[in-house]
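Asks: mind looking at a prediction? Sequence and model below.
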Amino acid sequence: MNVTIFSDGEQLSRAAAEYIVRVAQEAIADHGRFSLALSGGSTPKKLYGLLATEPYRSQIDWSKIEIFWSDERCVPADDPESNYRMANEVMLSKLPIQPAHIHRMPADEADREAASQAYTQDIQRTIGTNGTPRFDLIQLGMGPEGHTASLFPHQASLKEFERLIIPVTVPKPPPARLTFTPALLNAANHILFLVTGAEKDEAVQAVLEGPDQPEEYPAQIVRPTNGEVTWMLDTAAAGKLRKQS
Ligand SMILES: O=C(O)[C@H](O)[C@@H](O)[C@H](O)[C@H](O)COP(=O)(O)O
């Protein structure tokens, strides 16, 4: 696990963009494709905007990318709360990516179980069906209580190691969501956590330096069986870490 602390959000976002470019180039060189799952919230917005601008934009072959979401709110795609809408506005609408390679999570469908199944099949069709599909990179955030994707403390979702996508109801509004499960997260080749803000300093310290208690701090459940976890924090979120790396 790599942990890097940055003095401000701009530095963190640029380092994250450089990291994603590197992983994308390695993945495309290795197997001709880069499968990337985006998250929601406010932290990654700056990063996503940077990826659509130089020097990062021209360093990725966007024709070889498959974009997914690690969670989505059950709202229309044009709703201000939609994770798809945020990424589309600041990044995807500005890049030469064919619509077929932008896999919006259908969280606005009435039948959330069927939508979860459909997204599972889309992932399996796109990035592989032998065993659990292995994303090249899943970018995640973390909430002040340690949630990640839409996996929240003390919820049954934390014990989901069979299904890949499930519907959940969570305390952070909007409550109805679809989310990657620990099974899918832990099959990833790379996980990139981007965490900023002093309100997360307790959870950051607990997750990175505390005892193993994923029921309390779901971000701890993210331990890829054969992958690398990278944390990029700003100084505020890292404020309670004992070991300043
Ligand atoms: O849909 C969501 O809400 C996100 O995927 C969620 O897991 C987010 O990453 C964290 O809540 C951190 O959000 P911020 O980066 O806005 O603090």
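Replies: Looks like it came in fine.
Asks: can you mark which positions in stretch 148-162 are buried?
Replies: 148-153, 155, 157-158, 160 (16 or more other Cβ atoms under 10 Å). All C-beta atoms are positioned from the backbone trio N, CA, C, and that covers glycine.
Asks: swap in stretch 198-218?
Replies: Here stretch 198-218 shows 200-208, 214, 216-218 as buried, counting by 16+ other Cβ under 10 Å.
Asks: that older thread, among the buried residues of stretch 148-162, which ones lie close to the ligand?
Replies: Filtering the buried residues of stretch 148-162 for neighbours of the ligand using Cβ under 6 Å from any ligand atom leaves 148-149.
Asks: this protein: helices as residue ranges?
Replies: 9-31, 44-51, 83-90, 112-127, 182-185, 201-209 (DSSP state H).
Asks: low-confidence regions, the protein specifically.
Replies: Filtered on pLDDT under 70, the chain yields the residue ranges 129, 244-245.
Asks: what residues are up against the residue of it most remote from its centre?
Replies: In the chain, the residue that sits farthest from the middle, by Cα atoms, centre = their mean, is Arg242; the gap is 26.0 Å. Listed by Cβ atoms under 8 Å, 6 or more residues apart in numbering, the contact partners of Arg242 are 205, 209.
Asks: distance of it from the ligand?
Replies: 23 Å (Cβ to the nearest ligand atom, to the nearest Å).
Asks: same check on Glu81?
Replies: To the ligand, Glu81 is 8 Å away according to Cβ to the nearest ligand atom.
Asks: got the residues of the chain near the ligand?
Replies: So far as Cβ under 6 Å from any ligand atom goes, the chain lies against the ligand at 39-43, 71, 83, 141-143, 147-149, 172.
Asks: if we can go back for a sec, just flag the most distant two among the buried residues of stretch 198-218.
Replies: Asp201 and Pro214 (19.0 Å; Cβ to Cβ).
Asks: re the thing from before, now render the buried residues of stretch 148-162 as a markdown table, adding distance to Val21.
Replies: Shown next, in a markdown table, are those (distance: Cβ to Cβ, whole Å):
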| residue | distance to Val21 |
| --- | --- |
| Thr148 | 23 |
| Ala149 | 23 |
| Ser150 | 27 |
| Leu151 | 28 |
| Phe152 | 32 |
| Pro153 | 34 |
| Gln155 | 34 |
| Ser157 | 32 |
| Leu158 | 32 |
| Glu160 | 32 |
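Asks: show only the entries of the buried residues of stretch 148-162 found in strands.
Replies: Within the buried residues of stretch 148-162, no residue falls in strands by DSSP state E.
Asks: what's the closest of the buried residues of stretch 148-162 to Asp61?
Replies: Nearest to Asp61 out of these is Ala149 (Cβ to Cβ; 27.0 Å).
Asks: next, format the helices of the chain as a markdown table and append distance to Leu233.
Replies: Listed next are those as a markdown table, based on distance: least, Cβ to Cβ, whole Å:
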| stretch | distance to Leu233 |
| --- | --- |
| helix 9-31 | 8 |
| helix 44-51 | 14 |
| helix 83-90 | 21 |
| helix 112-127 | 29 |
| helix 182-185 | 19 |
| helix 201-209 | 6 |
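Asks: fine by me, we can end here.
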